[in-house]
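J.: generate a structure from the sequence data that follows.
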Amino acid sequence: MTSPYATPMGGLPPQTDVMTDRAVFTTAYAVIPKGVMRDIVTSAFPFWTDTRAWILARPLSGFAETFAQYIMELAPGGGSTRPEPDPTAQAVLFVVAGTLRLSFDGEAHVMGPGGYAYLPPGTGWQVTNPGDAPVTFHWIRKSYDPVPDLPAPDAFVTNEADVPPTAMPGTDGRWSTTRFADPGDLRHDMHVTIVNFEPGGTIPFAETHVMEHGLYVLEGKAVYRLNSDWVEVEAGDFMWLRAFCPQACYAGGPGRFRYLLYKDVNRHPRLGPPHVG
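T.: Coordinates of the predicted model:
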């Protein structure tokens, strides 16, 4: 069965291809197009077997500040019993192809395309590929920002097919968001959602706000405004937007335009060190 979600193309382009591409890296945003997600830009991690990863975002001066995002590809039998090295890290896993077996708290969950899991910090989770074909999933990591007298969120597993999208007001459903966590649950300090546009749907103003974004295009194509530039993006592309980077979107079709969206939420901005003297 063909997955409805984009996955990295891997391989290498032929020597006859031109080098010009849509890759852009600026102080306000970055575009990592699908064509650069090749075999030679993958990473390997300790305590993972038969696995490779494309690191899309990482905390870095002048780049992502609050999160890291990977595309993980596990060969049959691949996986890890010690996946997370940071005890403060929470995670979202989103499966885009194949079958993933996720275990935590003494239970196993078999996740297919559209499978979504939230794992709070300190969860002893493990993953493996029980199938006979590769499994591909997104792994989004953020150090949890605790609040006194507010516990961390509970772990949960669901599937996009079981979460009805919420239409944005006044859009007649042309713009909607699939929200896996309750937006009113202040235990969460990040939201990972799916944003959906029907052909002709738009973000009709230049959103300019404090939330940092990571956007991976799951399906379709659109023209996206990033800071002062309009860029074409399509399934398999990744975008990073720093806080306050203006953004808007026009999804011209012919099919739906959808992306997996990370943003940091529900916390006061951290202030600088205290003044001395």
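J.: use CA for all of it now, contacts and neighbours both
T.: Will do.
J.: how about Asp145, nearest residue that isn't a chain neighbour?
T.: Closest residue to Asp145 apart from its sequence neighbours, by Cα to Cα, 6 or more residues apart in numbering: Asp189 at 6.7 Å.
J.: tell me the contacts of that neighbour?
T.: Asp189 makes contact with 144-145, 264-267, according to Cα atoms under 8 Å, 6 or more residues apart in numbering.
J.: ok, 10 Å please
T.: 90, 142-147, 152-153, 263-267 (Cα atoms under 10 Å, 6 or more residues apart in numbering).
J.: give the ChimeraX command for selecting the buried subset of those residues.
T.: Listed next is the ChimeraX selection for buried residues among these, using 16 or more other Cα atoms under 10 Å:
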select :90,142,143,144,145,152,153,263,264,265,266
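J.: is it true that Thr99 touches Gly131?
T.: Yes. Using Cα atoms under 10 Å, Thr99 makes contact with Gly131 at a distance of 6.1 Å.
J.: which one of the two has more residues nearby?
T.: It is Thr99, of Thr99 and Gly131, that has more neighbours when counted by other Cα atoms under 10 Å, with 24 against 15.
J.: wait, His85 touches Pro46, no?
T.: Check again: residue 85 is Pro, not His. Yes. Using Cα under 10 Å, Pro85 is in contact with Pro46, at 9.1 Å.
J.: one step back: pull up the overlap in contacts between Thr99 and Gly131.
T.: Common neighbours of Thr99 and Gly131, using Cα under 10 Å, 6+ apart, are Pro76.
J.: what ranges in the chain fall below the confidence cut-off?
T.: For the chain, the stretches with pLDDT under 70 are 1, 273-277.
J.: how about a cut-off of 50?
T.: 277 (pLDDT under 50).
J.: any idea which helix or strand carries Cys249?
T.: Element membership for Cys249 (DSSP states H and E) is strand 247-250.
J.: what comes into contact with that strand?
T.: Contact with strand 247-250 is made by 29, 197, 199-209, 221-232, 241, 257, as judged by Cα under 10 Å, 6+ apart.
J.: what pairs with that strand, parallel or antiparallel?
T.: In its sheet, strand 247-250 lies beside strand 202-207 (antiparallel), strand 221-226 (antiparallel), with partners assigned from DSSP bridges.
J.: just so I know, which of those strands lies nearest Phe94?
T.: Closest approach to Phe94 among the strands paired with strand 247-250 (Cα to Cα): strand 221-226, 20.3 Å.
J.: how far out from the middle of the chain is the closest one?
T.: Its chain's average C-alpha position is 17 Å from that of strand 221-226, according to Cα atoms, centre = their mean, to the nearest Å.
J.: quick one: the helix or strand just after that strand to strand 221-226, angle?
T.: Counting by DSSP H and E, the next helix or strand C-terminal to strand 221-226 is strand 229-234. Counting by axes from the mean of the first three to the mean of the last three Cα atoms, to 10 degrees, strand 229-234 lies at 150 degrees to strand 221-226.
J.: can you list the strands that strand 229-234 pairs with?
T.: Using DSSP bridges, strand 229-234 pairs in its sheet with strand 221-226 (antiparallel).
J.: give me the contact list for the partner strand.
T.: Contacts for strand 221-226 (Cα under 10 Å, 6+ apart): 28-31, 197, 199-203, 205-207, 230-237, 239-242, 245-259.
J.: point out the most buried one among the strands paired with strand 247-250.
T.: Comparing those by mean neighbour count (mean count of other Cα atoms under 10 Å), strand 221-226 ranks first with a mean of 22.
J.: appreciated, that's everything.
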